[in-house]
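Trainee: Quick one, what's the 3D model for this:
(2 chains)
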Amino acid sequence: MNVRVRRAGVLLSGLLASLLLATGCGRNIVLHPAGPVGRSEAHLIYLSIILVLIVVVPVIVLMMFIVMRYRDKPGNKAAYKPEWSENRALEVIWWAIPIVIIGILGAATAKETYSLTKPPEQNTTPYTVEVTSLNWKWLFQYPDKNIATVNYCVIPTGRPIQFVLTANAPMNSFWVPELGGQEYTMPGMAMRLWLQADKPGTYYGHGANFTGEGFANMQFDVIAKSQSDFEAWENQVKQTAPPLTETGYKNLTNPSVVSKASYSSYPANSFMDTVMENGGKYMSQTMSTMQSLGDDAGMK
Amino acid sequence: MKNFFVTGDPMIYASDVLIVLVLVGIIFTLTYFKKWGWLWREWLTTVDHKKIAIMYLICAILMLFRGGVDAELMRTQLAVPNNHLLSAEHYDQIFTTHGTIMILFMAMPILFAMFNAAVPLQIGARDVAFPYLNAVSFWLFFFGALLFNISFVIGGSPDAGWTSYPPLTELQFDPGPGENYYLLAVQISGFGSIATGINFMATILKMRAPGMTLMKMPLFCWSVLASCIVILFAFPALTGALLLLTLDRVVGTHFFTMLAGGNPMQFINLFWIWGHPEVYIVVLPAFGIYSEVVSTFSSKRVFGYKSMVFSLMAIAVVGYLTWVHHFFTMGAGADVNAFFAISTMCVGIPTGVKVFNWLLTMFRGRIRLNLPMLWTLGFIPNFALAGATGVMLAAAPGDYQYHNSYFLVAHFHQALIGGVVYGMLAGMYYWWPKLFGFVLDERLGKWAFWFFNIGFYVCFMPQYELGFMGMTRRMYTYPANMGWTTLNFISTIGAYLMGIGFLFIGAQIVYSIFRGQRDLTGDPWNGRTLEWSLPSPPPAYNFAQIPHVQERDEWWRIKQAGLADAYRKVNLNELEPIHMPKNSGIPFLMGVSFFVGGFGLVFGWTVVAIIGFAGVFLCLLARSLQEKTDYHIPVSEVQQTEISLGRA
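Mentor: Just a heads-up that it's a prediction; the model follows:
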């Protein structure tokens, strides 16, 4: 019976593997990123995969070998030492192996963690987009031009983008996997995420933290355009789109699912006011955080 | 009340009918066979650790079924894109109850079943340190679980995830009774868990047979001790967090609200101060079980005992200092993230050592592939992968990409199923003959194992890749153009295979009750520790005479010295009256009272809540005023029992 089950298992896995290959399926966007932030994260992921395989592969191979060799069946000639249970040298070796691996990965992790708090390129002027997660939609505000978009965001290529994040609803998480890792949007706080796109394109984005019934609809596009195309887009929105009024903003905050939209202006200070209203005023560090976010990005 | 019963969904109506039928069936059977008195005397009022273990085990298997059905529904919903089999609301409820039930009402009770089944027998004790408290713990768990489970037919299930993050769980966004159910049910069973932690810590430290020093203790007992220490430090954080959120919802305070000065982040912090150590609470005893099983079924001493003990304790301590890795992406600075990234990776060091020591225990042994060993061998590659992806997740910048994606979902299922569920099943098969007196059928068990084990990989390996493709957890459906369809479909097939595996376990238990091989020796596995020197099942008092322990693998030593038969015989003239705790109905009534009080609070019915909690107080008072809580089994009765067991 055992053999039969095992055969069925092998058959099944083979079937699944060929199914996988045959259908092609989606793209592994995390490991094939389109910007420097995602790239440096992918490098760390590759490093970590290699390091853990140093332990995983020998463990599985060793286990299979031991189980085959030391089975309890008549005539097994392999050694049997029921009292053998100590070996200082061996134990020192496998205390040492994981310590070395963790040492290497820990150092790389710490270095990368610090570098991600800085813009991916130091020589280019960053561009700032303010992001507010709402139930169940994303509002993007561009303080440079005082324009706003809903459920899509346009950015210039080759330039570090400083996303300043907050929520006017239960906390969500702002994730554009192809450009880089995520950061939470939290009510009463303003947080920062650096991303950058190498080349023009449309990148998939989605909220990563559950916020209730409409959560599955919290998809947005990040559209990267060359600097000149980007500026043309800015001007086009400025001239053709309707303004986002106080009432319009209020309507957006009501729970609903909406399609993409653009606005030629938005109520002054609405981002900062949202942060303050949702608890920012109780958090001593919020003001100074906002100040430093502004300084770093060259905001007024 | 208009919305008291959940209406509108055919699946819920079907459940209503099933619940009524099962209840009628149970009541009819008990009445027809005149078993009400038996139920009360032998089970509802018992303080015997072995019976409490059995009750925990039954509940855990039922909850595994309930949580499993939730899982199958979710996987069915996700099998194809744009599926509307379940509505968003229904799906949200199901993933919430799945998570909560599996962690708190399946993993915890099956863990406590193992504690109760094995610890007193392994250390040569007649019961736990506080048998009455042990019964209280069980009934608090039982009625907490009951309160949680009725939510889906009465009032509606919670729907904000098992992590229950505010402000989503505040009244403003989640007004129904569902979230209250979560808060109160988890709180009530949590009290029971804390008490169990204290109880087994005291049992292990104070109730060991003479001669059994700490370093001669079986590794399972060490793992339970480590787990209990973590329970004691971690669970109060959960109690506090749940209490504050309950106050927000029921009384109108503002601890975690968005407005009026609340700080939702603080709940998340407190939740994970419990939530991450909780992983070690459930996995450490599984490590203990693997150590027992590997050594027994290799007929060899466990390799590197001291390293094993040290690594258990190291995991307990370091594991307590890693909780922030659950929110690397919530804006903590680089200093904080780097610290918790490295502390998390450090847990991998002692865990890796344990894996190597298990391998070396098998090395130069004689390996028998009985069911407990099979699940243990299934565990090793599983946990190697879960540990590996755990280390990958610990690298904070990597986590910015993995967080809340299906990569994370695959990782924690591999750790919790591959680590904990496999361990608990190994433990169940291992100690089942000790608890029930018969062995579970090997043939059906092997079918169960292969279906479940293969199904596991088919289900969860594709999910790692889905994470890399950008799929986030808790989406009730997904668009067709993302390229996620094939992998999701495969994953669903895997979930069904696991479901078939579970059905085989059910069939195996039923079959073995009637046809299972009886365990007449008390030592079906050629065991090494004291529990195997006793008959299966052991008498109420376990040991007619408390043994004097000389070695770590004491029973193995006795057998090697050829003294087993002599050891099994009791000298009837040397027996003394045995001091035992009396049964009590108060723990059960206290559980009922907590249930009533909790139910009242769920719906904001103050009078009902007051009645319930007054009941709790009366139970406490009644126990305080009780004079005789213990008794002595007379020598004649012990003699008779031992003779009937063939031990005189």
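
Trainee: Which residues of the stretch 201-300 of chain A lie near chain B?
Mentor: A:204, A:206-216, A:219, A:277-279, A:282-283 (CB under 8 Å from any CB of the partner chain). Glycine gets a C-beta too; all of them are placed from N, C-alpha and C.

Trainee: Drop anything exposed from the residues you listed.
Mentor: The neighbour-count criterion (16 or more other CB atoms under 10 Å in any protein chain shown) marks A:204, A:206-216, A:219, A:278-279, A:283 among these as buried.

Trainee: For chain A, which residues score under the pLDDT cut-off?
Mentor: A:1-26, A:284-300 (pLDDT under 70).

Trainee: got the residues of the stretch 151-300 of chain B near chain A?
Mentor: Checking the stretch 151-300 of chain B against chain A by CB under 8 Å from any CB, the hits are B:159-161, B:165-168, B:173-174, B:258-259, B:261-265, B:298-300.

Trainee: which helices and strands sit right next to the helix or strand where A:V56 lies?
Mentor: Here A:V56, judged by DSSP states H and E, is contained in helix A:36-69. Applying 3 or more CB pairs under 8 Å, 6 or more residues apart in numbering or on different chains; DSSP states H and E, one finds that helix A:36-69 contacts helix A:88-115, strand A:180-185, strand A:191-195, helix B:334-362, helix B:371-394, helix B:396-402.

Trainee: Distance from the chain centre to it, please.
Mentor: Here the centre of helix A:36-69 is set off from its chain's centre by 22 Å, with CA atoms, centre = their mean, to the nearest Å.

Trainee: Helices of chain A, start to end?
Mentor: If DSSP state H is used as the criterion, the helices of chain A fall at A:2-23, A:36-69, A:88-115, A:227-240, A:246-253, A:270-277, A:284-296.

Trainee: Pull out the buried residues from the longest one.
Mentor: For helix A:36-69, the neighbour count (16+ other CB under 10 Å) marks A:36-42, A:44-45, A:47-49, A:51-52, A:55-56, A:59, A:62-63, A:66-67 as buried.

Trainee: repeat for the fourth one
Mentor: Of the residues in helix A:227-240, those with enough neighbours to count as buried (16+ other CB under 10 Å) are A:F230, A:W233, A:E234, A:V237, A:K238.

Trainee: Dump those residues to TSV, plus distance to B:A338.
Mentor: What follows is these, written out as TSV (distance: CB to CB, whole Å):
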residue	distance to B:A338
A:F230	35
A:W233	38
A:E234	38
A:V237	40
A:K238	42
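
Trainee: before we move on, back to that, strands - which of the buried ones among the residues of the stretch 201-300 of chain A next to chain B land there?
Mentor: Applying DSSP state E to those, the entries found in strands are A:Y204, A:H206, A:G207, A:Q219.

Trainee: ok, for the first one, nearest residue in space, not its chain neighbours?
Mentor: Looking back up the chat, that one is A:Y204. Leaving aside its chain neighbours, A:Y204 sits nearest to B:G470 (5.9 Å; criterion: CB to CB, 6 or more residues apart in numbering or on different chains).

Trainee: same check, this time on B:M212
Mentor: B:M212 sits nearest to B:V549 (CB to CB, 6+ apart), 4.1 Å away.

Trainee: Which parts of chain B belong to which domain?
Mentor: B:1-34, B:35-644 (automatic domain parsing).

Trainee: And the helix or strand where B:S223 lies, what does it pack against?
Mentor: Here B:S223 sits within helix B:219-250, counting by DSSP H and E. When contacts are defined as 3+ CB pairs under 8 Å, 6+ apart, helix B:219-250 packs onto helix B:108-122, helix B:178-206, helix B:264-297, helix B:305-319.

Trainee: Out of those, the one nearest B:G646 is which?
Mentor: Nearest of the helices and strands packed on helix B:219-250 to B:G646, taken as CB to CB: helix B:108-122 at 18.8 Å.

Trainee: quick one, what contacts the closest residue to chain B within the stretch 151-300 of chain A?
Mentor: Going by CB to the nearest CB, chain B is nearest to A:G181 of the stretch 151-300 of chain A, at 2.2 Å. With contacts defined as CB atoms under 8 Å, 6 or more residues apart in numbering or on different chains, the neighbours of A:G181 are A:V37, A:G38, A:E41, A:L116, A:W175, B:T329, B:P397, B:G398, B:D399, B:Y400, B:Q401, B:H403.

Trainee: Now tabulate these in JSON lines and tack on distance to B:F28.
Mentor: Shown next, in JSON lines, are the contacts of A:G181 (distance: CB to CB, whole Å):
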{"residue": "A:V37", "distance to B:F28": "65"}
{"residue": "A:G38", "distance to B:F28": "63"}
{"residue": "A:E41", "distance to B:F28": "61"}
{"residue": "A:L116", "distance to B:F28": "65"}
{"residue": "A:W175", "distance to B:F28": "54"}
{"residue": "B:T329", "distance to B:F28": "54"}
{"residue": "B:P397", "distance to B:F28": "61"}
{"residue": "B:G398", "distance to B:F28": "57"}
{"residue": "B:D399", "distance to B:F28": "54"}
{"residue": "B:Y400", "distance to B:F28": "58"}
{"residue": "B:Q401", "distance to B:F28": "56"}
{"residue": "B:H403", "distance to B:F28": "51"}
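
Trainee: how close does the residue in the stretch 101-250 of chain B positioned nearest to chain A get to A:P170?
Mentor: Relative to chain A, the nearest point of the stretch 101-250 of chain B is B:L168 (3.6 Å; CB to the nearest CB). Separation of B:L168 from A:P170 (CB to CB, to the nearest Å) stands at 4 Å.

Trainee: okay, and the common contacts of the two?
Mentor: Each of A:T211, A:G212 lies in contact with both B:L168 and A:P170 under the rule CB under 8 Å, 6+ apart.

Trainee: next one: stretch B:499-515 to chain centre, how far?
Mentor: 20 Å.

Trainee: Can you dump the C-alpha atoms of that stretch in PDB for me?
Mentor: Extracted C-alpha coordinates of stretch B:499-515, given in PDB (Å, rounded to 0.1, in the frame of the first residue of the first chain):
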ATOM      1  CA  GLY B 499      -9.300  17.400   3.700                       C
ATOM      2  CA  ILE B 500      -9.400  13.800   2.500                       C
ATOM      3  CA  GLY B 501      -6.400  13.100   4.800                       C
ATOM      4  CA  PHE B 502      -8.500  14.500   7.700                       C
ATOM      5  CA  LEU B 503     -11.400  12.200   6.800                       C
ATOM      6  CA  PHE B 504      -9.100   9.300   7.000                       C
ATOM      7  CA  ILE B 505      -8.100  10.200  10.500                       C
ATOM      8  CA  GLY B 506     -11.800  10.400  11.400                       C
ATOM      9  CA  ALA B 507     -12.400   7.000   9.800                       C
ATOM     10  CA  GLN B 508      -9.300   5.600  11.500                       C
ATOM     11  CA  ILE B 509     -10.500   6.600  14.900                       C
ATOM     12  CA  VAL B 510     -14.000   5.200  14.400                       C
ATOM     13  CA  TYR B 511     -12.600   1.900  12.900                       C
ATOM     14  CA  SER B 512     -10.000   1.500  15.700                       C
ATOM     15  CA  ILE B 513     -12.600   2.000  18.500                       C
ATOM     16  CA  PHE B 514     -14.200  -1.200  17.300                       C
ATOM     17  CA  ARG B 515     -11.300  -3.100  15.700                       C
END
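
Trainee: Could you give the average pLDDT over that stretch?
Mentor: When pLDDT is averaged along stretch B:499-515, the result is 97.

Trainee: For it, buried residues please.
Mentor: Per 16+ other CB under 10 Å, stretch B:499-515 contains these buried residues: B:G499, B:G501, B:F502, B:F504, B:I505, B:Q508, B:I509, B:Y511, B:S512.
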